[in-house]
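1. Structure here, sequence nowhere to be found:
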């Protein structure tokens, strides 16, 4: 039976993994390749790298990180942050990543989803959506959560899948960084609407948050950063806990 | 030397790097001479069936592959590379494959999410050299929307995704893996090691 996936997310700036809240209080977490190897050994099912500077000069440093990771870590990983064109896709996939996630640029230019899917296959096009509750609806936000597009999250997700996105990362701005659990209502609703795997993001604080998002919100994968980086949750313990509570997990302990 | 066939699709680098980590010499190539000189061949694959088979034909690689297989050289098809080994695929139309294995490639139906993406466990049905380093029920990483419907006799291992999906198939020196061994951690590397050791 297919397992649910646990995905640590690594924000990379100037060749280092960092963690901060909205570009403030940025803490250095470590070397990306070392951390990727560590998470692989711990039993992470997949990794996500986000290029959080994405300035022109830093781009090459980031691509080197991707290349070095691909040399030493033999599990799937995706790359996101500042992807604007098919050329960006090509560079990242050639560097050894398996998937590319797009966010703001997909909203500005939905054709990019279609072009990338037909060139590289849907399996490597991940649509990342930043969602925030506005009155009674969930709206799509772009530019790092600063700009409300007015688009409805569910309509946008459906459109993205129709254009060829093979997976969706749904990040709730309301729960992000709060560590009080994933936005289960949002994720559950999305799970019922689209037929591609859903990766929940934003809000993991303790093990039971993962259980909730898998069991009640039907997420296929859960992404988290700081709880793993700061060792508040260890992946082998988390997987054991989820397994004991009826969630199918790949375990290497 | 293991020839990794470069036919314009797919993530070749990760196969190369996985073999490198196992100390197998390999070469990413579309050169017929390299293919003829290789001790084994890997047909990788990510992408669409139609493009892949057309590229193989346009690059005049079909006959060299046929001849090398006839000579008994081990060949491993990975993901789309495995699907290409079958007679036909129904991915967005109907396309003729290489026909080394009997059967056709069809889309998942019913209440499953497509693509079948993530870690799933192998059910090993038959004892074979290719699985000698792994355990029954080990997990490997799948990403695909179509699967092969072939002959029971060719099955080494299946995985359950509402239907029994052929995960490892083998007919003589031709092996197919529907998942990505190069992305399946230690288990995947063990399978590639077993393949590399088939070189005589």
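-> Sure thing, it's come through. It should be emphasised that the depicted structure is a prediction, and the values quoted were computed from it without experimental measurement. Numbering: from 1, shown residues only, chains lettered A, B, ... in the order given.
2. of all the residues in chain B, which ones are close to chain A?
-> Chain B comes close to chain A at residues B:11, B:13-14, B:17-18, B:20-21, B:46-48, B:113-121, B:139, B:141-145, B:160-161, B:180, B:182-186, B:188-189, as judged by Cβ under 8 Å from any Cβ of the partner chain. C-beta: built from backbone N, CA, C; applies to glycine.
3. What's the biggest helix in the chain, counting residues?
-> In the absence of a named chain, chain A is used. If you go by DSSP state H, chain A has its longest helix at helix A:56-72.
4. You answered for a different chain; I wanted chain B.
-> Chain B, longest helix under DSSP H: helix B:185-196.
5. one step back: helices or strands next to the longest helix of chain A in the packing?
-> Counting contacts by 3 or more Cβ pairs under 8 Å, 6 or more residues apart in numbering or on different chains; DSSP states H and E, helix A:56-72 is packed against strand A:5-13, helix A:32-42, strand A:47-51, strand A:77-80, helix A:86-94, helix B:12-21.
6. Let's see that with 10 Å instead.
-> strand A:5-13, strand A:16-21, helix A:32-42, strand A:47-51, strand A:77-80, helix A:86-94, helix B:12-21 (3 or more Cβ pairs under 10 Å, 6 or more residues apart in numbering or on different chains; DSSP states H and E).
7. rank the ones you listed by pLDDT, which is bottom?
-> Confidence, taken as mean pLDDT, is least for strand A:16-21 of those (a mean of 81).
8. Would you give the sheet partners of the helix or strand just after it, along with the direction of each?
-> Beyond strand A:16-21 on the C-terminal side, the first helix or strand identified by DSSP states H and E is strand A:24-30. For strand A:24-30, the pairing partners within the sheet under DSSP bridges are strand A:16-21 (antiparallel).
9. Name the single longest strand found in chain B.
-> Using DSSP state E to define each element, chain B has its longest strand at strand B:163-171.
10. Averaged pLDDT, that strand. What do you get?
-> The model assigns strand B:163-171 a mean pLDDT of 97.
11. Which neighbouring elements make contact with the helix or strand following it?
-> Toward the C-terminal end, the helix or strand that comes next after strand B:163-171 (DSSP H and E) is strand B:174-177. Judged by 3+ Cβ pairs under 10 Å, 6+ apart, the packing partners of strand B:174-177 are strand B:40-43, strand B:75-78, helix B:80-83, strand B:155-161, strand B:163-171, helix B:185-196.
12. So what angle separates the directions of the fifth one and strand B:155-161?
-> Same thing as strand B:163-171. If you take axes from the mean of the first three to the mean of the last three Cα atoms, to 10 degrees, strand B:163-171 sits at 160 degrees to strand B:155-161.
13. If you compare the directions of strand B:163-171 and helix B:185-196, what angle comes out?
-> Our comparison of strand B:163-171 with helix B:185-196, counting by the same axes, to 10 degrees, yields an angle of 30 degrees.
14. Off-centre distance for strand B:163-171?
-> Relative to the chain's own centre, strand B:163-171 is displaced by 10 Å; criterion: Cα atoms, centre = their mean, to the nearest Å.
15. Repeat that for the third one.
-> Its chain's C-alpha centre lies 5 Å from the corresponding centre of helix B:80-83 when counted by Cα atoms, centre = their mean.
16. next helix or strand past that helix?
-> strand B:86-89.
17. Name every strand pairing with that next one and say which way it goes.
-> In the sheet containing strand B:86-89, its partner strands are strand B:95-96 (antiparallel), strand B:101-107 (parallel), by DSSP bridges.
18. okay, those, which one's buried deepest?
-> strand B:101-107 (a mean of 18; mean count of other Cβ atoms under 10 Å in any protein chain shown).
19. I figured residue A:32 was touching residue A:48, is that so?
-> No: using Cβ atoms under 10 Å, residue A:32 is not in contact with residue A:48; the gap is 11.5 Å.
20. more neighbours, the two?
-> Neighbour count, other Cβ atoms under 10 Å in any protein chain shown: between residue A:32 and residue A:48, residue A:48 has more, with 27 against 23.
21. Leaving out the residues flanking it, which one is nearest to the more buried one?
-> What sits nearest to residue A:48 in space, not counting adjacent residues and going by Cβ to Cβ, 6 or more residues apart in numbering or on different chains, is residue A:9, at 4.5 Å.
22. what do you get for residue A:205?
-> Per Cβ to Cβ, 6+ apart, closest to residue A:205 is residue A:179, 3.2 Å.
23. ok, how many other residues are close to that neighbour?
-> Count around residue A:179 with other Cβ under 10 Å applied: 16.
24. Would you mind measuring from it to residue A:237?
-> To residue A:237, residue A:179 is 17 Å away according to Cβ to Cβ, to the nearest Å.
25. and if you look at residue B:46?
-> According to Cβ to Cβ, residue B:46 stands 34 Å off from residue A:237.
26. Tell me which of those two has more neighbours.
-> Counted by other Cβ under 10 Å, residue B:46 and residue A:237 do not tie: residue B:46 has more neighbours, with 23 against 12.
27. low-confidence ranges in the chain?
-> In the absence of a named chain, this looks at chain A. A:20-24, A:54-57, A:253 (pLDDT under 70).
28. I was thinking of chain B, sorry if that wasn't clear
-> For chain B (pLDDT under 70), the answer is B:9-10.
29. same thing but at 90, please
-> Within chain B, the ranges that satisfy pLDDT under 90 run B:7-14, B:45-52, B:92, B:109-112, B:136, B:200.
30. Relative to its centre, which residue of it is most distant?
-> residue B:111 (26.0 Å; Cα atoms, centre = their mean).
31. show me the contacts for that residue.
-> A:195, B:162 (Cβ atoms under 10 Å, 6 or more residues apart in numbering or on different chains).
32. Over to it. Which of the three states is it?
-> Three-state call for residue B:111 (DSSP: H, G, I helix; E, B strand; the rest coil): coil.
33. on that earlier part again, now that we have the residues of chain B next to chain A, which of them are buried?
-> Among those, those classed as buried by 16 or more other Cβ atoms under 10 Å in any protein chain shown are B:11, B:13-14, B:17-18, B:46-48, B:113-121, B:139, B:141-145, B:161, B:180, B:182-185, B:188-189.
34. Lovely, talk soon.
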